[in-house]
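Enquirer: quick one, what's the 3D model for this:
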Amino acid sequence: MARRLFIKINRSNLPQVSNKYPFIYLERGRLEIDDSSIKWIDSEGNLVRIPVATIHTILLGPGTSITHEAVKVMTAANCTVCWVGEDSLLFYAVGQTPTSDTRNLRVQMELAANLKKRTDVARRMFQLRFPNEDISEKSVQELMGMEGKRVKKLYEEKAAIYSVGWKGRSYIPGKFELSDITNQILTSANAALYGILTSAIISLGYSPHIGFVHSGSPLPFVYDVADLYKETVCIDLAFSVTRDLAGMYNKHRVSEEFRNRIIELDILGNVARDIKYVLGK
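Expert: Next comes the predicted model:
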């Protein structure tokens, strides 16, 4: 049985009041109201009361429904709700309360609005990928050039390690099947990484729309953070799995390998710490 990123919720693993739990993931069940409290009824009829006041965000996966009254109670408790794909590998939409906690968002905006502070954040992001180089005087444009060369070299190194033919990164929007297998896996893994990071970033109270390196795209901060993990999560995965697929893309195999990487590298556990570091908090 494939490992999952999110464990099934029950009474024993429900977060306690003392915890500041960033998010929980629910799938195949119904959220509704019982005596002014939120209750979760899963597809097997099990009932769990959800302490929404201790949870920043609830991720609703496939097969879930939520009543209007449940949304009202979650709003009163400043609990955000996100609609996502299985294991949050796709992100669809978010519902946030007008009175949600904006402390992290304010910090993010203040850093992004100040050129020097914005550059400092970008340098900390790149320093994680160039740990042995002095980049203190490099501009963001110079660092992006260095990163481009690093990733190109990384593709070639992984192709040699795993004995995979490589003609370069290629993706034609809307024509996924026209790319070679390695590029198809890269595209799928990157999209899945964006999905879980969007959920995590919103759950932590940051905006996916305010970036420090990327700009002019829908989710620049998601792309900034994703670049911290792509080497180990997506690139190595794509080249390591290519030969096993023997020319036939298999989404189930790719999805399982992706989940295993996220679990083994503890990405969901590390992302809050890494964002704090790059923002200098």
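
Enquirer: domain map for this structure?
Expert: For the chain, the structural domains run 11-84, 102-279, going by the TED database.

Enquirer: lowest mean pLDDT across those, which one is that?
Expert: Mean pLDDT across those is lowest at domain 11-84; the value there is a mean of 83.

Enquirer: follow-up on the earlier one: which stretch among the domains of the chain comes nearest G95?
Expert: domain 11-84 (4.7 Å; Cβ to Cβ). For the C-beta atoms, the positions are set from N, CA and C on the backbone; glycine is no exception.

Enquirer: re the thing from before, for Q96, find the nearest of the domains of the chain.
Expert: Using Cβ to Cβ, the nearest of the domains of the chain to Q96 is domain 11-84, at 4.9 Å.

Enquirer: circling back: dump the domains of the chain into a markdown table; add mean neighbour count and distance to A93 as well.
Expert: Output for the domains of the chain, formatted as a markdown table (neighbours: other Cβ atoms under 10 Å; distance: least, Cβ to Cβ, whole Å):
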| stretch | mean neighbour count | distance to A93 |
| --- | --- | --- |
| domain 11-84 | 17 | 5 |
| domain 102-279 | 16 | 10 |
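
Enquirer: between those domains, which gets nearest to L90?
Expert: domain 102-279 (4.6 Å).

Enquirer: can you list contacts of whatever helix or strand N260 lives in?
Expert: Assigned by DSSP states H and E, N260 falls within helix 251-264. Helix 251-264 has contacts (Cβ atoms under 8 Å, 6 or more residues apart in numbering) with 2-5, 87, 89, 185, 188-189, 192-193, 196, 232-233, 237, 240-241, 244-245, 267-268.

Enquirer: try 7 Å this time
Expert: 2-5, 87, 89, 185, 188-189, 192, 196, 233, 237, 241, 245, 268 (Cβ atoms under 7 Å, 6 or more residues apart in numbering).

Enquirer: in the chain, which residue is closest to the centre?
Expert: L197 (1.3 Å; Cα atoms, centre = their mean).

Enquirer: and that one, that one's in a helix?
Expert: Yes - secondary structure assignment places L197 in a helix (DSSP: H, G, I helix; E, B strand; the rest coil).

Enquirer: residues contacting it?
Expert: V222, V225, A226, V271.

Enquirer: nearest to F23 among those?
Expert: V271 (11.3 Å).

Enquirer: the closest one: what secondary structure?
Expert: Following three-state DSSP, V271 is assigned to helix.

Enquirer: look up how far V48 lies from the nearest residue to L265 once chain neighbours are set aside.
Expert: Leaving aside its sequence neighbours, L265 sits nearest to T232 (Cβ to Cβ, 6 or more residues apart in numbering; 6.1 Å). Distance, T232 to V48, by Cβ to Cβ, to the nearest Å: 34 Å.

Enquirer: pull stretch 268-281 out as PDB, backbone CA atoms only.
Expert: What follows is stretch 268-281, C-alpha atoms only, in PDB (Å, rounded to 0.1, in the frame of the first residue of the first chain):
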ATOM      1  CA  LEU A 268       6.300  19.500   5.300                       C
ATOM      2  CA  GLY A 269       8.200  19.600   8.600                       C
ATOM      3  CA  ASN A 270      11.000  21.700   7.300                       C
ATOM      4  CA  VAL A 271       9.200  24.300   5.300                       C
ATOM      5  CA  ALA A 272       8.100  26.400   8.200                       C
ATOM      6  CA  ARG A 273      11.700  26.500   9.600                       C
ATOM      7  CA  ASP A 274      13.200  27.200   6.100                       C
ATOM      8  CA  ILE A 275      10.800  30.100   5.400                       C
ATOM      9  CA  LYS A 276      11.600  31.600   8.800                       C
ATOM     10  CA  TYR A 277      15.300  31.400   8.000                       C
ATOM     11  CA  VAL A 278      15.200  33.000   4.600                       C
ATOM     12  CA  LEU A 279      13.000  35.800   5.900                       C
ATOM     13  CA  GLY A 280      15.600  36.400   8.700                       C
ATOM     14  CA  LYS A 281      13.100  35.800  11.500                       C
END
